[in-house]
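Engineer: here's a sequence, model it:
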Amino acid sequence: MESLPGRRDRLRDQGVDFRRRTGVGCTIDVTLAGRLGSEVETVLYRVTREAMTNVEKHARAGHVWVTLVGERAAVRLEIRDDGVGFDPAAAASRAGRDHYGLLGMRERVELAGGTWSLRSGPGRGATVRATFAHQVAHGLAAPHGRPGVTVGSPA
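Structural biologist: You can find the predicted model right below:
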């Protein structure tokens, strides 16, 4: 397991590499005390990588923000862009036909005991969020309850 500086450095390196490859601005914000369980850490890294790949391929964004924060009862990862956005329902209908990224992110998060959400709309950018209960995130307990997913347009 990595320490906070290790996680921050890995995310920062992803951001630096992303900006170098794409020219898209990238802000990384990590506010998390302690360590995460290795499974959750791996899932968060892979979700970040896939979400940033989607921004690179589809969003036509000027900036992407990656936030990893430890809240009182949960650990939350959020990747948000200011790109062109899309219709989440239309994207979901294409899942499995050469479009596995969103489905793969959701499945990874849910299998590890978290919840996944996607918010987007034409002209509104996109936000991907993965949340893990504190005990699940830190490898202290098996997932409790049923993981869920929210896909929709911003309110």
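
Engineer: contacts, neighbours, all on C-alpha from now
Structural biologist: OK.

Engineer: ok, the residue lying closest to V30 once chain neighbours are set aside - contacts?
Structural biologist: Nearest residue to V30 in three dimensions, chain neighbours excluded: L68, at 4.7 Å (C-alpha to C-alpha, 6 or more residues apart in numbering). The neighbours of L68, taking C-alpha atoms under 8 Å, 6 or more residues apart in numbering as the test, are 29-32, 75-78.

Engineer: repeat the analysis, applying 10 Å as the threshold.
Structural biologist: With contacts taken as C-alpha atoms under 10 Å, 6 or more residues apart in numbering, L68 has the following neighbours: 7-8, 11, 28-32, 44, 48, 75-79, 129-131.

Engineer: neighbours around the nearest residue to G101 once chain neighbours are set aside, how many?
Structural biologist: Of all residues beyond its chain neighbours, the one nearest G101 is E50 (6.4 Å), with distances taken as C-alpha to C-alpha, 6+ apart. Counted with other C-alpha atoms under 10 Å, the neighbours of E50 add up to 17.

Engineer: and E50, how far from L118?
Structural biologist: As judged by C-alpha to C-alpha, to the nearest Å, E50 and L118 stand 13 Å apart.

Engineer: what is in contact with those two at once?
Structural biologist: Among the neighbours of E50, those also in contact with L118 (C-alpha under 10 Å, 6+ apart) are L102.

Engineer: show me where the protein has helices.
Structural biologist: 4-22, 38-54, 88-94, 101-111, 134-137 (DSSP state H).

Engineer: mind putting those helices in a markdown table, distance to G123 included?
Structural biologist: Written out in a markdown table, the entries for the helices of the chain read as follows (distance: least, C-alpha to C-alpha, whole Å):
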| stretch | distance to G123 |
| --- | --- |
| helix 4-22 | 20 |
| helix 38-54 | 16 |
| helix 88-94 | 13 |
| helix 101-111 | 19 |
| helix 134-137 | 33 |
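
Engineer: so which of those helices is the most surrounded?
Structural biologist: Of all the helices of the chain, helix 134-137 has the most neighbours on average by mean count of other C-alpha atoms under 10 Å, namely a mean of 21.

Engineer: so what does it touch, helix or strand wise?
Structural biologist: Taking 3 or more C-alpha pairs under 10 Å, 6 or more residues apart in numbering; DSSP states H and E as contact, the helices and strands that helix 134-137 lies on are helix 38-54, strand 74-81.

Engineer: pretty sure V55 contacts H63?
Structural biologist: Yes - with contact taken as C-alpha atoms under 10 Å, V55 and H63 are classed as touching, separated by 9.2 Å.
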